[in-house]
Structure formats: structure tokens, C-alpha cells
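Visitor: need a 3D model of the sequence below.
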Amino acid sequence: MKNKIIFGILFLAGIVLFARLDYFMSQYRWDKSHLRDLIQKREEVIRVLPEELNPEIRQRLEQLQEEEKENIDLQQVQLMSFYYSVLWVYGIVVTLIVLLLVIYRFKIGHRVAQQK
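Guide: The predicted structure follows:
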């Protein structure tokens, strides 16, 4: 009975973890597409601006555009490192639970064999 409870808790933890990871990934995809859209709009504005009008504004917009591209890359690295760290922790917890169940089973099996 205890094993069923432990496996049930493990299963529910897996579902909750999957739901959270799916939420984080969808949030990341939305952020990434939103930032890419902003970069595209800024590129359109830069193309529309005549160079003679104000070169300082044009240069500043180009600089901001490059900074946003770097921010997107930084966000991607941060999200993926978080994603992998959560997976590592979850993997360690699952491994420990499985090892505990195996040890528990062998102890019970060994006791039953000694009693016979």
C-alpha cells in the first residue's frame, strides 16, 4: 500500500512538473516572439527614416536593435539553464525514490525468505 502511495505522489509530482515546464516554455516562446516582433518593427522604422533627417536617431535605433538581439539570446540561455536545472533536480529526486523503493523491497523480501 505504501508503494502505491509513493508511486501516486511521484506521478502527481511528474504531472505538476510537466505543467510548470510547459507554462515556462510557452511564456518563453511568447516573450521571444514578442521581442522579435519589436525588433522587426524597429527595423521597419529605421528603413523608413531618411538618413538625412537625423543620423543620430537612426544610429541610436540601430544600437537599441542590437542590444535587444543580445537580450533575446541572454533570456534564452537563462531559461534553458533553469529548465535543465529543474530537470536535474527532478531526476535526482526520482532516482532517490526508486532506490529507496528497491532497497525497501529487498529488505522485505529478505525478511520473508528468512522467516520461511
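Visitor: let's see the pLDDT reported for Met1.
Guide: Turning to Met1, the model gives it a pLDDT of 70.
Visitor: Ala13 is in what secondary structure piece?
Guide: Using DSSP states H and E, Ala13 sits in helix 2-48.
Visitor: next, the angle from the longest helix along the chain to helix 2-48.
Guide: Using DSSP state H, we find that the single longest helix of the chain is helix 55-115. Angle of helix 55-115 versus helix 2-48, following axes from the mean of the first three to the mean of the last three C-alpha atoms, to 10 degrees, is 170 degrees.
Visitor: ok, now which ones touch the residue minimising distance to the centre of the chain?
Guide: Centroid-nearest residue in the chain: Tyr83, 3.1 Å away (criterion: C-alpha atoms, centre = their mean). Going by C-beta atoms under 8 Å, 6 or more residues apart in numbering, Tyr83 touches Leu21, Phe24, Met25. Placement of C-beta: from N, CA and C, glycine included.
Visitor: also Glu66?
Guide: Glu66 touches nothing, counting by C-beta under 8 Å, 6+ apart.
Visitor: 10 Å - rerun?
Guide: Residues in contact with Glu66 (C-beta atoms under 10 Å, 6 or more residues apart in numbering) are Ile39.
Visitor: same deal with Lys69?
Guide: So Lys69 contacts Leu35, Arg36, Ile39 (C-beta under 10 Å, 6+ apart).
Visitor: same thing but 8 Å
Guide: So Lys69 contacts Ile39 (C-beta under 8 Å, 6+ apart).
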